[in-house]
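**Q** The sequence and its predicted three-dimensional model are supplied below.
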Amino acid sequence: MRLLSRRRPLLSVVVPVYDVEGYLAQSMDSILGQSHSTLEVIVVDDGSTDRSGDLADEIAANDPRVTVIHQANSGLGAARNAGSRQATGTYLAYADSDDLVPDRAYEVMVASLERTGSDLAVGSVTRFDDDRTFELGLMNENHREPRASVGIEEVPLMLADVFAWNKVFRRSFWEQAGLAFPEGVRYEDQPTLTRAFIQAERFDVLTEPVYRWRIRGDGTSISQQRAALVDLSDRMLTKRWSTAVVEEDTSAATQDVWYRRVLPIDMWEYFRAAPGCDDAYWAMLRQGLEEFWGPHSVPFEQTTLPLRQRLMGWLVAQDRRDDLSDLLDFIDLHGGLPRRREGDEEVVEHPFLDLPELPSELRGP
């Protein structure tokens, strides 16, 4: 069903564009083909060096719902902010120009907000490449059942959903809360979305997948560049900003979920990159562990991550770089940490079980 009535609320969709000429047409087709047709789509060409800007202009010439802004390259946060300032819709959404928006995604999110009056609606996400489509584990957990008009204290694990593009915001809420994306830094989603969830009086959680997040085979996406020192630096900075908001404006119970379940989620990627990186990278990684999982919080081995990731973090915190490299080789050789049964117990094997200083949390499942 196409929602053609102009009485329906107008939705503004901001689409930052940078060197995505191979993906842009398909992405825009998925947005402009939405069943919620009362759209304005604001494309921000962030100084593309390929034909992306020209393709956006061609699309706009054939669809009056599309406006194109051309600007010097300023980064994703700045591009999103530029588009947000031009938005006129009752509701506001974001989409990246190499991803896809499933049919009816905006319709179901806008309909939920119309029904509940909440500040934002959030749906699930699937990842995809040429061969497969799958839902991430925490996405599945957070979106297993629908929830209407809830607050972050009721569902604190939603703080793990740090993506801008699987949500529709009431634009009045976005502006009154003073929300914007940090500029000149990667991972700008996390501090902004952390603030959004915490400042929202109520939000809706939908079970439907509302966004398809592409895995790019060319290795050019930001999320595929973990070994760079600037990547780690930006990650730590945005974690610091987000943590400050959580500590200031949430309960002790929500903060416990933050430190144990949310904040450590992506650290394993940096642990894996560490053995091949320079001393500055290693020092920054260790400093981050001390800052976020030091005496004022919980030790990294007491987070809820899989055992192999907690063990990596402990080795980093203990300044055991060679041992971390050995552990990664062991994991790659065995496809994980081998497990066996001893009577009624499951035993996990790894190279450091004989260390007397090994925390008890790292000796078993």
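**A** Perfect, I can see it now.

**Q** And the chain, split by domain according to the record?
**A** Each domain of the chain is listed here as a residue range: 11-223, 224-359, per automatic domain parsing.

**Q** most neighbours per residue, which of these?
**A** Most buried of those, by mean neighbour count (mean count of other Cβ atoms under 10 Å): domain 11-223, with a mean of 19. Every C-beta, even on glycine, is put in place using the N, C-alpha and C of the backbone.

**Q** Just give me how far that domain sits from the chain centre.
**A** Its chain's C-alpha centre and that of domain 11-223 lie 11 Å apart, by Cα atoms, centre = their mean, to the nearest Å.

**Q** Kindly report the same for stretch 288-296.
**A** Stretch 288-296 has its C-alpha centroid displaced from the chain centroid by 22 Å (Cα atoms, centre = their mean).

**Q** Contacts for it, please.
**A** Stretch 288-296 is contacted from outside by 232, 236, 239-240, 243, 259, 263-264, 267, 299-300, 303, 313, 316-317, using Cβ atoms under 8 Å, 6 or more residues apart in numbering.

**Q** ok but residue 41 is inside a strand, no?
**A** Yes: counting by DSSP: H, G, I helix; E, B strand; the rest coil, residue 41 is part of a strand.

**Q** does it really touch residue 28, like I thought?
**A** Yes: between residue 41 and residue 28 there is a contact under Cβ atoms under 8 Å: 7.4 Å.

**Q** intersection of neighbour lists for these two?
**A** Counting by Cβ under 8 Å, 6+ apart, the shared contacts of residue 41 and residue 28 are 15, 66.

**Q** looking at this, residue 148 is in a strand?
**A** Yes: checked against three-state DSSP, residue 148 lies within a strand.

**Q** So which residues of the protein form strands?
**A** With DSSP state E applied, the chain shows strands at 11-17, 39-46, 66-71, 91-94, 120-128, 133-135, 147-150, 167-170, 203-214, 339-342, 345-348, listed in chain order.

**Q** nearest to residue 254, of these?
**A** strand 147-150 (12.9 Å; Cβ to Cβ).

**Q** and the closest one, average pLDDT?
**A** Mean pLDDT, strand 147-150: 98.

**Q** Equivalent analysis for stretch 59-70, please.
**A** Average pLDDT, stretch 59-70: 97.

**Q** Give me the contact list for it.
**A** For stretch 59-70, contacts defined as Cβ under 8 Å, 6+ apart pick out 24-25, 28, 32, 39-45, 53, 56-57, 82-83, 86.

**Q** pLDDT below threshold where in the stretch 201-350 of the chain?
**A** Residue ranges of the stretch 201-350 of the chain with pLDDT under 70: 218-224.

**Q** dump the residue contacts of residue 202.
**A** Residues near residue 202 by Cβ under 8 Å, 6+ apart: 116-119, 149-151.

**Q** same thing but 7 Å
**A** Contact partners of residue 202, counting by Cβ atoms under 7 Å, 6 or more residues apart in numbering, are 118-119, 149-151.

**Q** farthest pair in these?
**A** 119 and 150 (11.1 Å).

**Q** So for those two, which residues contact both of them?
**A** Here residue 119 and residue 150 have 202-203 as joint contacts, going by Cβ under 7 Å, 6+ apart.

**Q** on that earlier part again, got the strands of the chain as CSV, with distance to residue 255 columns?
**A** Converted to CSV, those look like this (distance: least, Cβ to Cβ, whole Å):
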stretch, distance to residue 255
strand 11-17, 31
strand 39-46, 35
strand 66-71, 38
strand 91-94, 27
strand 120-128, 21
strand 133-135, 27
strand 147-150, 18
strand 167-170, 23
strand 203-214, 19
strand 339-342, 32
strand 345-348, 29
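
**Q** Residue 280 is nearest to which of these?
**A** Ranking the strands of the chain by proximity to residue 280 (Cβ to Cβ) places strand 39-46 first, at 28.9 Å.

**Q** Isn't residue 339 up against residue 346?
**A** Yes: using Cβ atoms under 7 Å, residue 339 is in contact with residue 346, at 5.6 Å.

**Q** Now the common contact residues for those two.
**A** Between them, residue 339 and residue 346 share no contacting residue under Cβ under 7 Å, 6+ apart.

**Q** looking at the sheet around residue 16, what are its partners?
**A** With DSSP bridges as the criterion, residue 16 is bridged to residue 44.

**Q** Touching, it and residue 81? I think so.
**A** No: between residue 16 and residue 81 there is no contact under Cβ under 7 Å: 9.7 Å.

**Q** List the contacts of the closest residue to residue 196 other than its chain neighbours.
**A** Closest residue in space to residue 196, ignoring its immediate chain neighbours: residue 179 at 5.9 Å, by Cβ to Cβ, 6 or more residues apart in numbering. Residues in contact with residue 179 (Cβ under 7 Å, 6+ apart) are 192, 195-196.

**Q** what would those look like in CSV with distance to residue 272?
**A** CSV is the format used below for these (distance: Cβ to Cβ, whole Å):
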residue, distance to residue 272
192, 27
195, 30
196, 30
